[in-house]
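[1] let's see this in three dimensions:
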Amino acid sequence: MMKKQTDRLLAIWFVATLLVLALIFLFSPASKFSELENRYLQAAPKLTWDNLISKKFAEEAETFVTDHFPMRGEWVWMKSLSEQLRLQQENNGIYKGKDGYLFEKFTKPDSALLAQYTDTIKAFAAAHPDSDMKFLLAPTSIGLYPDKLPWKAPYDPQDQVNDAAAEQLQGLANLTFMNGFDVLMPHASEDIYYRTDHHWTTLGAYYAYEAYAKQMGWTPHPVTDYEIKTVSDSFLGSYDTRGQFSLVKPDSIEKYLPKQPVGTSVYVADTDTTTDSLYDDSYLAKKDKYSYFLGGVHALMTITSDIPQGEEDLDKLLVIKDSYAHSFLPFLTQHVKEIHVIDMRYYNGSIGDYMEQNGISHTLLLFNTATFAENGEILKLNK
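    Sure, this is the predicted structure:
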């Protein structure tokens, strides 16, 4: 008798819990951005015939429920705590490595997909033979520091992806591939990556700028031409957010200020706003501190520099990029009068038409290896 009552109470408790969670889910406002996970959440799926046939509605509905599940942050924290109590060195796709480094799992991409991405870039370059194009593919920290991974952690080398891209992108006179391993490996002993985030540090971005400037035939400014200022010493980035490991030491964020600055104007087409700064101080008080650089992700922006007439190295440059470019672009403002910046993940216009309309004949594609290998948005390049 007692067992039946206990079972009945447990069943009532279980059903009541599900009902409460369902009510919270239905009546709570859906957030657009997760500060905890530092990413945009899935919007409510649109019920259309095409979405049903393609299974897009079902996939987006599943992601929407997962992203907006009640008390998601608390569940993520509890899962992480349980994993750490079991002495696990991996949680939510993040490894806890040596020397304070956190790493994101990297799985070797499908070779057919990678070939499709590189073919898209080749076709884009071939369609604009009068345009000079550079493609800089930078590894993430796991690519340079596999020796810092936990013992027996599975690992697919990123350098093989870069080598495959280099081989596939040969054959066009107006397209130059720059292997980020060649650029960054000589500086691997320096702090060129954040330990808790997927981006390179400003120092890593500086070395990439230096290599790109030399490739372009410019004279890069030496580090001594900059005043280096620490703007935050409490940065816990995207790897920390996902891994939720305890006792993680925060990173510092540095800004390189030219000792002989040029005035800049930043126009963000998304919001039709203009500012005179390459940095947004408001983000230093937020979780997403990396968005201090350029104010975060935008589909389209234009950076104009007041370089004296005749002293610029280039009049116009188009940068097609991911967020690795955000700490890199300020260095280019001392060389290029007008930098047009497009993020393929959010821009849906024709790149070719944009180049023609704005008289642009030089292009830089800048991506990290993980984003390039895992994100098919590059296929929009030839639309």
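
[2] so where's this structure shaky on pLDDT?
    1-43, 45, 47, 50-52, 54-57, 59-88 (pLDDT under 70).

[3] what are the ranges of the helices in it?
    Shown for the chain, the helices assigned by DSSP state H span residues 2-27, 49-53, 56-67, 72-85, 111-127, 141-144, 159-168, 180-184, 202-216, 238-243, 329-332, 351-358, 369-374.

[4] ok, and what's touching stretch 267-277?
    263-266, 295, 298-304, 346 (CB atoms under 8 Å, 6 or more residues apart in numbering). The way it works is simple: take the backbone N, C-alpha and C, and place the C-beta from them, glycine included.

[5] buried subset of these?
    Buried members of these, counted by 16 or more other CB atoms under 10 Å: 264, 266, 295, 298-304.

[6] for residue 149, which non-adjacent residue is closest in space?
    residue 97 (5.3 Å; CB to CB, 6 or more residues apart in numbering).

[7] got the phi and psi for that neighbour?
    Per-residue torsions, residue 97: phi -100, psi -170 (degrees, to the nearest 10).

[8] thought it was touching residue 151?
    No - between residue 97 and residue 151 there is no contact, the gap being 10.4 Å when judged by CB atoms under 8 Å.

[9] of the two, which one has the most company?
    Shown here are residue 97 and residue 151; by other CB atoms under 10 Å, residue 97 has more neighbours (21 against 6).

[10] wait, what's in contact with the residue most central in space within the chain?
    By CA atoms, centre = their mean, the mean C-alpha position of the chain lies nearest to residue 323, the distance being 4.2 Å. Neighbouring residues of residue 323 by CB under 8 Å, 6+ apart: 199, 290, 297, 343.

[11] and the first one, how many neighbours?
    Neighbour count of residue 199, defined by other CB under 10 Å: 25.

[12] was I right to think it contacts residue 324?
    Yes - using CB under 8 Å as the test, residue 199 is close enough to residue 324 to be in contact (6.2 Å).

[13] ok, residue 218 - how many residues close by?
    18.

[14] repeat for residue 282
    10.

[15] how near is it to residue 276?
    15 Å (CB to CB, to the nearest Å).

[16] I'd say residue 241 and residue 289 touch.
    No - using CB under 8 Å, residue 241 is not in contact with residue 289, being 11.3 Å away.

[17] I'd say residue 383 and residue 350 touch.
    Yes - between residue 383 and residue 350 there is a contact under CB under 8 Å: 5.9 Å.

[18] give me the more crowded residue out of those two.
    The neighbour count for residue 383 versus residue 350, taken as other CB under 10 Å, is higher for residue 350 (14 against 10).

[19] let me see the contact set for the closest residue to residue 142 other than its chain neighbours.
    In space, and not counting its chain neighbours, residue 142 is closest to residue 103: 4.3 Å by CB to CB, 6+ apart. By CB under 8 Å, 6+ apart, residue 103 lies in contact with 94-95, 97, 141-142, 145, 148-149, 239.

[20] next one: residue 105
    90, 93-95, 142, 154.

[21] and which of these is nearest residue 110?
    Distance to residue 110 across these (CB to CB) is lowest for residue 154, with 17.1 Å.

[22] once you drop chain neighbours, what's closest to residue 155?
    Looking at residue 155 with CB to CB, 6+ apart, the closest residue is residue 146, at 5.3 Å.

[23] wait, that neighbour sits on residue 159?
    No - contact criterion CB under 8 Å: residue 146 and residue 159 do not qualify, at 9.7 Å.

[24] what's the separation between residue 195 and residue 95?
    12 Å.

[25] got it, and residue 315?
    Distance from residue 315 to residue 95, by CB to CB: 45 Å.

[26] between these two, which has more neighbouring residues?
    residue 95 (23 against 13).

[27] show me what contacts the residue nearest to residue 149?
    89, 103, 145, 148-150.

[28] residue 212: which of the buried ones among the contacts of stretch 267-277 is nearest?
    residue 303 (15.6 Å).

[29] quick check: the nearest residue to that closest one once chain neighbours are set aside vs residue 320, distance?
    Distances taken as CB to CB, 6+ apart place residue 339 nearest to residue 303, at 4.3 Å, with adjacent residues excluded. The gap separating residue 339 from residue 320 is 12 Å, by CB to CB.
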